[in-house]
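Participant: Attaching a predicted model along with its sequence, questions to come.
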Amino acid sequence: MSLRVPGFRTLIPTRPKRTHGRFAALTAACTVLALLLGSTPSAAAESGWWVPSARPTPDSQVNVTGEPFRGTDAQGRVRGLVDAHDHIMSNEAFGGRLLCGKAFSEAGIAEALKDCPEHYPDGTLAIFDWIMNGGDGRHDPNGWPTFKDWPAHDSLTHQQNYYAWIERAWRGGQRVLVNDLVTNGVICSVYFFKDRSCDEMTSIRLQARKTYEMQDYVDRMYGGPGKGWFRIVTSSGQARDIIKQGKLAVILGVETSEPFGCKQILDIAQCSTGDIDRGLDELFALGVRSMFLCHKFDNALCGVRFDSGTVGTAVNGGQFLSTGTYWATENCPGPQHDNPIGDSTEAKCNIRGLTSLGEYTLRGMMKRKMMVEIDHMSVKAANRTLDVLESAAYPGVISSHGWMDLGWTERVYRLGGFIAPYMSGAEGFIAEAARTKALRDRYGVGFGFGTDMNGLGGWPGPRGTDAPNPVRYPFRSADGSAVLDRVTTGERTWDLNTDGAAHYGLVPDWVEQIRLLDGGPAVVNDLLLGAESYLRTWSASEQHAPGVNLARNAAAAASSTEWNPFVSYAPGKAVDGDTATRWASGWSDNQWWRIDLGANRVVRNVTLDWESAYGKAYRIEVSPDGNTWQTVWSTTTGDGGIDNVQFTPTSTRYLRVYGVQRGTGWGYSLKEVSVYGG
């Protein structure tokens, strides 16, 4: 979810506010007319496994012909587009009345695509929309069959993920969709209209269930369980099988502010490691395979990357309501930075990073082979998260909708992770693709996008029919398998040139717009490699096998140990497997810490997890007998955090960290040292 910052996404033109009259109740005659308007000539004109035998009547048209591409390309790779960030069920979030309309309804499209009760008769009480979008919020609330004012690219409170619109995107070449289950308890609590609890985990459970119900709904159209195109998958292997059948692999993720109740109040965590373990187990059982540790507000797991502009001011107020504290900033230690807060132009960094509970959650996700979303993390939290992932060579890291500092791009690719920018205007998206093209080529990865639809963000506006290279209908899909005409639902026909990306059915049209512009064909080629790249990241996460830590509980010694009558800082605390304990030296340079591996072992990698008292200049030494030492690695530019040191495989029994120059006025302090062989 990405709350829209007015004026921030300059590539999304604003649309004039809608001011129309009262909603008129449909008469019986209008119902008959709706039945006629709901026919689907494009589907009726063809037959095949991809055409449902029992689509509801009336319903939206799909306006696509041609058999969806099945199987793999000539290189054996799955082929297709990936949306790494969508919110199909967010109408069930935020108290159930902030986003109006449903992705499907057993009662049909007229029930699914209707406005919230308080938006009648003229939208005056569409409070969230006018607060976030300006104007007075007035609009024609009528959805089916007229859709006079919604969905629209700049409407933040109306359903964009109707199942038939997603079906059009699938028919247009999309093969992976990540459905992020999303909510925010604070927004729910302060919003005037709601019909359910604001508990975030209750909403997450409901949205997961509704996604499975949507799968069943589509299955029934195609003849029974497993026969529909909308397939929820829980492993990369399942996803590959589904895509080889030509269907859409749907992955469940979670993007919420207080997962497992892990909020903090006045910097005091409101959850425990037991809550985290139970929460992760529950989410995994629901089929969730990716998750954000924090979102919008600092919580007990990590600090967030700030919002900017007026939205940033509002979200900071929500931060206070949630935590009892406003965002706190410090100067950024490196080139990466968090967004300015509110109207400020000065980029500062959140003082809050990845907490000990956050690191526990991160390692719990790695243990369960889940993928970690680092968008919305503060620079400090993202840096520590990447340190931990790098120390374990864990590839499951995702940036799914452009909320990561761009300076982390190569670190993500180097690990084997996947990146998908926000669905911006075609020109801007091409520019972002060009920025990272050399890195993608170097690491052999495809490209994706995050639509963030139903995510309160705003989407590409109309370029106009007089703009260079408009989309011309009908057009062929990016993968070449289908022909797409303008999409019609009820009485409304949408055209990307004049309507912008108003709903999910226009995703293929947006991709076609990219293809038509300078540099666009190469971007589309990389987008068609996106599904394969996403699945490679997922598969590598599933197959990850942590190395055996030769240092765990090894006999340890040190040149000195800081004395404390209440806490032990003994050398063995750095190899006890607990990052809450540590070894600490005396407050001077030329200190050492040593372990005995018990026998000669081949070592090639050492991971040092420094406490805030770190070594700026230090070396790694090895010895066969504990007396004669050989340096295998050294640095004079240490900066704390996690150092993942690699060197030529060497046989040794003893290993020593020798501190030459401290990075602070204290001594040297190591939370954990890991040693790996090869």
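Facilitator: Cool, got the structure.

Participant: average pLDDT across stretch 631-640?
Facilitator: Mean per-residue pLDDT for stretch 631-640: 96.

Participant: how far does that stretch stretch from start to finish?
Facilitator: For stretch 631-640, the first-to-last residue distance is 20 Å (C-alpha to C-alpha, to the nearest Å).

Participant: Val471 versus Arg507, what's the distance?
Facilitator: Actually, residue 507 is Val. It isn't Arg. Val507 sits 12 Å away from Val471, taking C-beta to C-beta, to the nearest Å as the criterion. Every residue, glycine included, has its C-beta placed from N, CA and C.

Participant: which regions of the chain sit below the pLDDT cut-off?
Facilitator: 2-45, 134-135, 678 (pLDDT under 70).

Participant: Between Val507 and Val471, tell me which one has more neighbours.
Facilitator: Higher neighbour count among Val507 and Val471: Val507, with 27 against 24, using other C-beta atoms under 10 Å.

Participant: doesn't Gly172 make contact with the more buried one?
Facilitator: Yes - applying C-beta atoms under 8 Å as the test, Val507 and Gly172 come out as touching, 6.8 Å apart.

Participant: who does the helix or strand containing Lys210 touch, helix- and strand-wise?
Facilitator: Per DSSP states H and E, Lys210 falls inside helix 200-221. Under the contact criterion of 3 or more C-beta pairs under 8 Å, 6 or more residues apart in numbering; DSSP states H and E, helix 200-221 touches helix 163-171, strand 174-183, strand 230-232, strand 248-256, helix 273-286.

Participant: Of all the ones you listed, which one comes closest to Asp129?
Facilitator: strand 174-183 (17.9 Å; C-beta to C-beta).

Participant: then the closest one to PDB, C-alphas only?
Facilitator: Extracted in PDB, the C-alpha atoms of strand 174-183 (Å, rounded to 0.1, in the frame of the first residue of the first chain):
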ATOM      1  CA  GLN A 174       0.500 -11.800 -16.900                       C
ATOM      2  CA  ARG A 175       1.500 -15.000 -15.200                       C
ATOM      3  CA  VAL A 176       2.400 -14.000 -11.500                       C
ATOM      4  CA  LEU A 177       0.300 -11.900  -9.200                       C
ATOM      5  CA  VAL A 178       1.200 -11.200  -5.600                       C
ATOM      6  CA  ASN A 179      -1.900 -10.500  -3.500                       C
ATOM      7  CA  ASP A 180      -0.700  -8.500  -0.400                       C
ATOM      8  CA  LEU A 181      -3.200  -8.800   2.400                       C
ATOM      9  CA  VAL A 182      -3.200  -5.300   3.800                       C
ATOM     10  CA  THR A 183      -4.800  -3.200   6.500                       C
END
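
Participant: chain center to that strand: distance?
Facilitator: Distance of strand 174-183 from the chain centroid (C-alpha atoms, centre = their mean, to the nearest Å) equals 9 Å.

Participant: quick one on the thing from earlier: highest average neighbour count across the helices and strands packed on helix 200-221?
Facilitator: Highest mean neighbour count of the helices and strands packed on helix 200-221: strand 174-183, a mean of 28 (counted as mean count of other C-beta atoms under 10 Å).

Participant: what lines up beside that one in the sheet?
Facilitator: According to DSSP bridges, strand 174-183 forms sheet pairs with strand 81-86 (parallel), strand 248-256 (parallel).

Participant: Would you format the helices and strands packed on helix 200-221 as CSV with distance to Glu46 included?
Facilitator: CSV is the format used below for the helices and strands packed on helix 200-221 (distance: least, C-beta to C-beta, whole Å):
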stretch, distance to Glu46
helix 163-171, 11
strand 174-183, 20
strand 230-232, 19
strand 248-256, 19
helix 273-286, 36
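
Participant: Can you say which of those is nearest to Lys296?
Facilitator: From these, taking C-beta to C-beta, the stretch that ends up closest is strand 248-256, at 9.2 Å.

Participant: quick one: strands adjacent to the helix or strand following the closest one?
Facilitator: Counting by DSSP H and E, the next helix or strand C-terminal to strand 248-256 is strand 264-265. The strands beside strand 264-265 in its sheet (DSSP bridges) come out as strand 268-269 (antiparallel).

Participant: what about the helices in the stretch 451-600 of the chain?
Facilitator: Under the criterion DSSP state H, counting those that start in this stretch, the stretch 451-600 of the chain contains helices at 496-499, 507-516, 520-528, 530-543.

Participant: Out of the ones you listed, flag the one nearest Cys294.
Facilitator: Across the helices of the stretch 451-600 of the chain, closest to Cys294 is helix 530-543 (C-beta to C-beta), at 20.3 Å.

Participant: Who are the packing partners of that closest one?
Facilitator: Helices and strands touching helix 530-543, by 3+ C-beta pairs under 8 Å, 6+ apart, are strand 81-86, strand 174-183, helix 236-244, strand 371-373, strand 418-419.

Participant: Looks like Gly396 contacts Val372 (just checking).
Facilitator: Yes - with contact defined as C-beta under 8 Å, Gly396 reaches Val372; the gap is 5.9 Å.

Participant: okay, and the common contacts of those two?
Facilitator: Residues touching both Gly396 and Val372 by C-beta atoms under 8 Å, 6 or more residues apart in numbering: 365-366, 389.

Participant: how many neighbours does the closest residue to Glu373 other than its chain neighbours have?
Facilitator: Leaving out its chain neighbours, the residue that sits closest to Glu373 by C-beta to C-beta, 6 or more residues apart in numbering is Phe292, at 4.4 Å. Neighbours of Phe292 under the rule other C-beta under 10 Å: 27.

Participant: Any idea how many residues pack against the closest residue in space to Leu406 that isn't next to it in sequence?
Facilitator: Of all residues not flanking Leu406 in the chain, Arg435 sits nearest, at 7.7 Å (C-beta to C-beta, 6+ apart). Arg435 is flanked by 12 other residues according to other C-beta under 10 Å.

Participant: for Arg435, phi and psi?
Facilitator: When quoted as degrees, to the nearest 10, the phi and psi of Arg435 stand at phi -60, psi -40.
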